[in-house]
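Sequence isn't available, so here's the structure alone:
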């Protein structure tokens, strides 16, 4: 079957969804003609806590620690990106929203690795993505239309989440129903044929049983300042909740996201200057027939039972299905491109089943106050991956970005599986954990936690050999720990010292080292930090000094024969962050991350030979795509009741990329950049809003994402203007 180009996507079911949303946009009064008041019940929580008015940039509560906790009571650095900031900046995907997180950089994928791919504190973190506390590590490009906030728990976190990295955990928090009738629709138009529409409707169905329904919807169709590069998305997220704010709450929701992108492999590097090739930032590396398609479906059932104000049991079940396909040209070495050059085009389908139950209890023994947390988890993963038939494709010819001679045996862009490339992964993970925080003296608390993970997995390949066979097995049993000491001299101040660790058995990467005899990745983070709430709690400040260490770091590039990037490496860092309201008119969100990262011991160069090491020239080098600094600041000021102005800067220091397997690594340099954005918003009667955003105001040439093995870097947007209209009812 031939794959059509991006313009053909408009003929697919996205038009049906678009029509449905259009009907909702023009007739909200028909569906929500009646409103209902919140009725008092025996509540154990604040009714409608999700949506009872904007809370600004300071989000004081997070569920990233399994239960609702004040951020100041978590002895670990945490950054919360709220929806108010996402809306003000007009961020339209997870990657853009995470640019608000200091210490974050982004990798470009090649071959099998597509979708969201980021580093935190210098360590890759795409295996640490979660949706409402449930693992969401599949390869796809994530959206923000159904997100309430994004919680970034920095540092090792396996005791809470299971296998993971030293950088931290990225948890997406979904929007939930609440007990007020409320709706909002928005539409955005902008430079480079940018069109986006979202809808968010909440309806109280039965006040007596505290039942409400909420639905979020999305249609997105946009080109970019890069030639040919474009994206189309459709999304729908209906959620039904019973017993909201009561001691017995049940929530059932589904999340659907379909994306059709033209993948972007950026521009290459000049072999003489070791800088990006000096071509227009519009220069594209592929063809008009390239595509990256993803379809994501998640169904989640959650039950929260509150025995009393100090005792809660929460259980979640999720069934997820992810489908993806990728076909792209990577002709970035010469300009203009005249011949195709393809990494293996790939397809995959993944099913996961997750079951989690968490029990929390506060109690007192003598003079000691306890906060107990315990739980069980089960995760079943089933992945199938393959390469599409691209025999003789590289002998065709290109004019401009158009493939004028197609010499593929079965056609460029086909989705015919090569039977010799079939790959399968099936894994079962079981986990149990126990944590207790004890206040042993006024203001002094000590935290201790332990977790046991068991992982059994099978890798199957049609032809590839793992230790002489076409199957390989993983059987890991790993413990993880969490510890911390906190001193809170008053309700607005926290000082802490923490040590946490992580492990990763490579299963979430479906990686190359199965059966090669390597131990699991192990990471640990030692962190000294402080948190302050100012101006009555409206503004939060934090700082953290840390060392993160990692051993047996796995390679993440499926096109490489390497298995272990480094046997030992570390990052020393210092972070500062500020979020919240300085006064009723002035909001600010800012962060600074200083990092000094080094490779301490070289890794292994070939997955089939555990004793073959990389050249020791990489020892002492800075890890790839890890700058010495990043910073971000965004601020808005309401100059009059109707008018709000804002702007900010996102900056990333110089980074390097290189091939680990080279005898003397050829280091390519990615220049530092500082991107300036601005916005102006005018509100009319609390019901209508008009907002103007300008991205990359100074129109600088910037490079945002990089391929770690050194082949290319992807430019960010040129100056772009976006105009948004919002109607609230």
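Here it is on my side, so go on. Quantities reported herein were computed from a predicted structural model and do not represent experimental measurements.

Quick one, grab the pLDDT at the residue lying farthest from the centre of the chain.
Distance from the centre of the chain peaks at residue 366, with 43.4 Å (CA atoms, centre = their mean). With respect to pLDDT, residue 366 has a value of 94.

Quick check: the gap between it and residue 409.
Separation of residue 366 from residue 409 (CB to CB, to the nearest Å): 77 Å. Just so you know, the C-beta spots here come from the backbone N, C-alpha and C atoms, and that holds for glycine as well.

ok, which stretches of the stretch 401-550 of the chain are strands?
All strands of the stretch 401-550 of the chain, identified by DSSP state E, counting those that start in this stretch, fall at 402-405, 423-441, 444-461, 471-490, 493-504, 521-534, 539-554.

Which of those strands sits closest to residue 248?
Smallest distance to residue 248 across the strands of the stretch 401-550 of the chain (CB to CB): 24.8 Å, for strand 423-441.

That closest one to strand 471-490, inter-axis angle?
Here strand 423-441 points in a direction 20 degrees away from that of strand 471-490 (axes from the mean of the first three to the mean of the last three CA atoms, to 10 degrees).

Can you give me the neighbour number for residue 256?
18 (other CB atoms under 10 Å).

Hmm, it is touching residue 235, no?
Yes. At 6.3 Å, residue 256 and residue 235 qualify as touching, with contact defined as CB atoms under 8 Å.

Sketch out the strands for the stretch 151-300 of the chain, chain order is fine.
168-174, 182-190, 194-206, 211-223, 230-242, 248-261, 291-308.

Find the least confident helix or strand in the chain, judged by mean pLDDT.
helix 28-31 (a mean of 34; mean pLDDT, DSSP states H and E).

what's the distance between the next helix or strand after that one and the middle of its chain?
With elements assigned by DSSP states H and E, the helix or strand that comes after helix 28-31 is strand 61-62. Distance, stretch centre to chain centre, for strand 61-62: 18 Å (CA atoms, centre = their mean, to the nearest Å).

For strand 61-62, enumerate the helices and strands it packs against.
Applying 3 or more CB pairs under 8 Å, 6 or more residues apart in numbering; DSSP states H and E, we find strand 61-62 packed against strand 69-70.

In terms of secondary structure, what does the strand it packs on contact?
The contact analysis (3+ CB pairs under 8 Å, 6+ apart) places strand 69-70 against strand 61-62.

now the stretch 351-500 of the chain, which segments are flagged as low pLDDT?
463-470 (pLDDT under 70).

If we use 80, what do you get?
459-474 (pLDDT under 80).

contacting residues around the closest residue to residue 684 other than its chain neighbours?
Counting by CB to CB, 6 or more residues apart in numbering, residue 642 is the residue found nearest to residue 684 once chain neighbours are left out, at 6.9 Å. Applying CB atoms under 8 Å, 6 or more residues apart in numbering, we find residue 642 in contact with 682-684.

From these, list just the buried residues.
residue 683 (16 or more other CB atoms under 10 Å).

what's the lowest-pLDDT member of the contacts of residue 642?
Lowest in pLDDT among those is residue 684, which has 93.

in the sheet, who's paired with it?
Counting by DSSP bridges, residue 684 is bridged to residue 688.

ok so, going back, tell me which of the strands of the stretch 401-550 of the chain sits nearest to residue 288.
If we rank those by CB to CB, the stretch that ends up nearest is strand 402-405, at 5.8 Å.

Not counting that closest one itself, show me its contacts.
Strand 402-405 has contacts (CB under 8 Å, 6+ apart) with 287-289, 340, 396-398, 412.

Touching, residue 528 and residue 543? I think so.
No. If you go by CB under 8 Å, residue 528 and residue 543 don't touch, sitting 9.1 Å apart.

who has more neighbours, those two?
Neighbour comparison, residue 528 and residue 543: the larger count goes to residue 543, with 16 against 13 (by other CB under 10 Å).

from memory that one sits against residue 591, does it?
No. Contact criterion CB under 8 Å: residue 543 and residue 591 do not qualify, at 10.5 Å.

Overlap of the contact sets of these two?
Counting by CB under 8 Å, 6+ apart, the residues touching both residue 543 and residue 591 are 575-577.

And the residue farthest from the centre of the chain, how far from residue 439?
Per CB to CB, residue 366 is found 12 Å from residue 439.

and for these two, which residues touch both?
Counting by CB under 8 Å, 6+ apart, no residue touches both residue 366 and residue 439.

State the number of residues packed around residue 491.
Count around residue 491 with other CB under 10 Å applied: 11.

Who's the closest spatial neighbour of it, skipping the chain neighbours?
The nearest residue in space to residue 491 (CB to CB, 6+ apart) is residue 533, at 7.9 Å.
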